[in-house]
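Asker: Need a 3D model of the following:
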Amino acid sequence: MATGPWRRRTVHDLVFAIDGSGWHEPAMRDAVGFRWSGPGRFSVLRVAAPPGPGRGEAQIVLDPGEAIPDVAVFLNGQRLAVAPRRLGASGVLDFAWDAAAAEGAGPLEFWFLADRITQLPAPGERMRGVGFRLSTLTIESADDGPAPARESAALIAGRRFLAERLPVAAGKPWVSFRSQGETRLLDLRLDGARLGPTPQPHLAFAIQAGAGGTELALGAPGGGTVTAGLTADGAWRSGIGLSPRDELLVLRLVGELPRAFGRWLDQAMAGAAPDAELLSFWRTQLGLIARAADARLAALLADGPDPYAGDPAVPFAWPSVST
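Answerer: Numbers count the residues shown, from 1 in each chain. So this is what the prediction gives:
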């Protein structure tokens, strides 16, 4: 019997383990599980989902007579329009997103920004900051899913090739923000990174975004600097002076920047009062940069030098430094 396209609808119950930050331990009330957001206003939840447009519902546990809390919702750095409604004794936040917001590999990264934090006692603990009680997050793709098994062998082989022939690791991220007039700058340091077989104890990205476009520089102590940027239409513009294999490794690393930024958020935003606009701007920019790098990587794998040529154990080589 033929199986047609399907739409995936997934319910994430916050009683169970989650990928994210800014949430207290799970609790139960009247047989309904939830987690308080907190201790700060900023909470992150990452969920697996297919790329493309979709819609979601965040179910919030309410006290009798309690108004639905004012919560801003972001997806991959882009703020979503939220429509609150009541469902029995609960509140529901409805939202939707287009294909651009969910483009790219990896899980969807939802941010929840609570309007206020209240200090409440916890059993056996001191006072703690709480925002709202999230019970479930339901997401549904707005597009039909793929037909069963279509291109699955190619996807599996491609992922294995990237992991074995072009391995990268972003390490531990450290982020700082600056500005120069209308230009915004992001300094992103990666400790304990790896490019192919070569450990990179310290890598530094300097990213500049302004009216003239986006520029990126990557360097390491004692090595040269790799530069790149995005064209006006968002395509990757390479100034890289690397071997073909090493250029692929750098593109792979750039594709990991949104996830590295997310790991930094998990650590830095605990209990913080964040600048949501600044975080949203840079998460969106990193998504654009990563997608452009992924597109360039795909083009080079398809039409560039044979990716199977050469020895993958050869160390990564930075451009020579002029003296």
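Asker: give me the element the spatially closest residue to Leu45 that is not a sequence neighbour is part of.
Answerer: Distances taken as CB to CB, 6 or more residues apart in numbering put Gly20 closest to Leu45, at 4.2 Å, once the chain neighbours are dropped. In short, each C-beta sits where N, CA and C put it, glycine included. For Gly20, the host element (DSSP states H and E) is strand 19-21.
Asker: Can you find the helix or strand of this protein with the lowest average pLDDT?
Answerer: When each helix and strand of the chain is scored by mean pLDDT, DSSP states H and E, helix 152-165 comes last, with a mean of 82.
Asker: Show me how far that one is from its chain's centre.
Answerer: Between the centre of helix 152-165 and the centre of its chain there are 21 Å (CA atoms, centre = their mean, to the nearest Å).
Asker: Other residues contacting it?
Answerer: Identification of contacts with helix 152-165 by CB atoms under 8 Å, 6 or more residues apart in numbering yields Arg252, Pro307, Tyr308, Pro312.
Asker: residues of it that come out buried?
Answerer: Residues Leu162 are the ones in helix 152-165 that count as buried (16 or more other CB atoms under 10 Å).
Asker: then it to CSV, C-alphas only?
Answerer: Output of helix 152-165 as CSV, limited to C-alpha atoms (Å, rounded to 0.1, in the frame of the first residue of the first chain):
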residue,chain,number,x,y,z
SER,A,152,17.3,8.8,2.9
ALA,A,153,20.4,6.9,1.6
ALA,A,154,21.9,10.1,0.2
LEU,A,155,21.3,11.9,3.5
ILE,A,156,22.8,9.2,5.6
ALA,A,157,25.9,8.9,3.3
GLY,A,158,26.3,12.7,3.2
ARG,A,159,26.2,13.1,7.0
ARG,A,160,28.7,10.2,7.4
PHE,A,161,31.0,11.8,4.8
LEU,A,162,30.9,15.2,6.6
ALA,A,163,31.6,13.6,10.0
GLU,A,164,34.5,11.4,8.7
ARG,A,165,36.1,13.5,6.0
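Asker: Run through the neighbouring helices and strands of the following helix or strand past it.
Answerer: Next helix or strand after helix 152-165 toward the C-terminus (DSSP H and E): strand 168-169. With contacts defined as 3 or more CB pairs under 8 Å, 6 or more residues apart in numbering; DSSP states H and E, strand 168-169 has these neighbours: strand 183-195, helix 244-255.
Asker: Thanks again, I'm all set now.
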